[in-house]
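J.: here are the coordinates; sequence isn't available:
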């Protein structure tokens, strides 16, 4: 049984296509990574405009259940 498993495992690994990494290049600093993905804290109250938008369903949920 173990010889069969080893043969199947070797076939699987040899037939597998090489995959590209999920992240092609790691940024060298956290600040560059944040800017690259748009993940950073606001220095003003701009976030509140989207948070309290009456046309947004999540805003309505916040008001209703909050």
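T.: Cool, the structure landed. Owing to the predicted nature of the structure, the values given are computational and were not obtained by experimental measurement.
J.: all helices for the chain, in order.
T.: All helices of the chain, identified by DSSP state H, fall at 2-15, 30-37, 46-51, 57-65.
J.: rank those by pLDDT, which is bottom?
T.: For the helices of the chain, the stretch scoring lowest in mean pLDDT is helix 2-15; its value is a mean of 58.
J.: OK, contacts around residue 60?
T.: Taking C-beta atoms under 8 Å, 6 or more residues apart in numbering as the criterion, residue 60 is in contact with residue 54. Quick note: C-beta positions are derived from backbone N, CA and C, even for glycine.
J.: ok, residue 53 to residue 37 distance?
T.: Counting by C-beta to C-beta, to the nearest Å, the gap between residue 53 and residue 37 amounts to 23 Å.
J.: Give me the residues contacting stretch 28-39.
T.: By C-beta under 8 Å, 6+ apart, the list of residues contacting stretch 28-39 reads 26-27, 40.
J.: residues of it that come out buried?
T.: Of the residues in stretch 28-39, none are scored as buried under the neighbour-count criterion (16 or more other C-beta atoms under 10 Å).
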